[in-house]
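[1] Fold the following.
(4 chains)
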Protein chains: 2
Amino acid sequence: MDNNQSTLDSVFHALADPTRRAVIQQLGRGSATVSELAEPFDMALPSFMKHIGVLESSGLIGSKKVGRVRTCKIKQKTLADAETWINEQRALWEGRIDRLAEYVENNLSKESS
Amino acid sequence: MDNNQSTLDSVFHALADPTRRAVIQQLGRGSATVSELAEPFDMALPSFMKHIGVLESSGLIGSKKVGRVRTCKIKQKTLADAETWINEQRALWEGRIDRLAEYVENNLSKESS
DNA sequence: TTGATTGTTATCCATATGGCTAACTATAGT
DNA sequence: ACTATAGTTAGCCATATGGATAACAATCAA
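    Residues are numbered from 1 along each chain as shown, chains lettered A, B, ... in the order given. Predicted structure coming up:
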């Protein structure tokens, strides 16, 4: 619901990379550690960590380090913000504001952090 | 429905800029010429044209030049592709595939070029 | 306490991005 | 024919991005 410009900048930028989208997709199946997330990618860890950094600073994911392990999880609200922006555009050009209203009504209560 | 990776790359990258999002938003109110679109921005025309180029090569807009005037319009399907990707992720982590099914059912017939 | 595991920090590098100016082309209007 | 309009092309520049390696820190296990 925010639609803050700089937030949208960083969210869309974060999504504009296949590695980062794959991480989001993986985290959709549940939280995971950095090593677990990095495993499928043929990339040095520091490089991968940059992607995690981009995702985290965009607000798409959060992470917490316990012991030497950092565990990441999705922050649903941020992706919902991006979806909202797109929905607004579609509502606009379809000339059907009711579609947005319906969307908000269907989803507001489900958007947790 | 495509979800082609390189397409998503370029679409999300195109959306990751406030100027380009504003252009999309403006085009939602109807087609417009390059000059009309450029007018609100404090930016040299060649710079602005790069944004138009990014939007067009991402498939988010199309344009046609008649005489010396280039007119741009939205290509709805491409933004719908981005929306679909986000919807898939939400469906995934909400564990509610029915939400995606419902989305597709509601919107497939409306997605023109 | 020694090692292996899991990240992190510090550089470095090539390329992409987003802005600019200058100079050009092509069309429309008078 | 001239002139103004609407884009386009060609460079240039600073910064951001996405990758790498090397060296370090911190924790867990034997």
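
[2] For the closest residue to DNA strand C within chain A, pull up the helix or strand it's in.
    Sorted by distance to DNA strand C under Cβ to the nearest atom of the strand, the residues of chain A start with A:Ser35, at 3.0 Å. (Each C-beta comes from the backbone N, C-alpha and C, glycine too.) Of the helices and strands defined by DSSP states H and E, A:Ser35 is found in helix A:34-38.

[3] go on, A:Ala22?
    Secondary structure assigned from DSSP H and E places A:Ala22 in helix A:18-27.

[4] That helix: how far from the chain's middle?
    Using Cα atoms, centre = their mean, to the nearest Å, the mean C-alpha position of helix A:18-27 is found 9 Å from that of the whole chain.

[5] what's the answer for stretch A:68-88, then?
    Between the mean C-alpha location of stretch A:68-88 and the chain-wide mean there is a distance of 3 Å, by Cα atoms, centre = their mean.

[6] I'd assumed B:Gln89 was in contact with A:Gln76.
    No. In terms of Cβ atoms under 8 Å, A:Gln76 does not count as a neighbour of B:Gln89; the distance is 9.4 Å.

[7] higher neighbour count, those two?
    Set side by side, A:Gln76 and B:Gln89 give different neighbour counts by other Cβ atoms under 10 Å in any protein chain shown, the larger being at B:Gln89 (22 against 18).

[8] Output the helix or strand harbouring A:Lys73 as CSV, restricted to C-alpha atoms.
    Using DSSP H and E, A:Lys73 sits in strand A:69-74. Once non-C-alpha atoms are left out, strand A:69-74 reads as follows in CSV (Å, rounded to 0.1, in the frame of the first residue of the first chain):
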residue,chain,number,x,y,z
VAL,A,69,24.3,-19.5,10.4
ARG,A,70,22.2,-16.8,8.8
THR,A,71,18.6,-17.7,8.0
CYS,A,72,16.5,-15.9,5.5
LYS,A,73,12.8,-15.6,5.1
ILE,A,74,10.4,-13.7,2.8
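
[9] pLDDT score assigned to the single nearest residue of chain A relative to DNA strand D?
    With Cβ to the nearest atom of the strand as the measure, A:Gly67 is the residue of chain A nearest to DNA strand D, at 2.0 Å. For A:Gly67, the pLDDT comes out at 95.

[10] can you check the one 3 residues further on too?
    Listed pLDDT for A:Arg70 reads 98.

[11] Wait, it touches A:Thr33, no?
    Yes. Using Cβ under 8 Å, A:Arg70 and A:Thr33 qualify as a contacting pair, with a distance of 6.3 Å.

[12] Buried ones in the longest helix anywhere in chain A, by neighbour count?
    Here the longest helix in chain A is taken by residue count, with DSSP state H as the criterion, and it is helix A:76-93. Within helix A:76-93, the residues that qualify as buried are A:76, A:78-93, counting by 16 or more other Cβ atoms under 10 Å in any protein chain shown.
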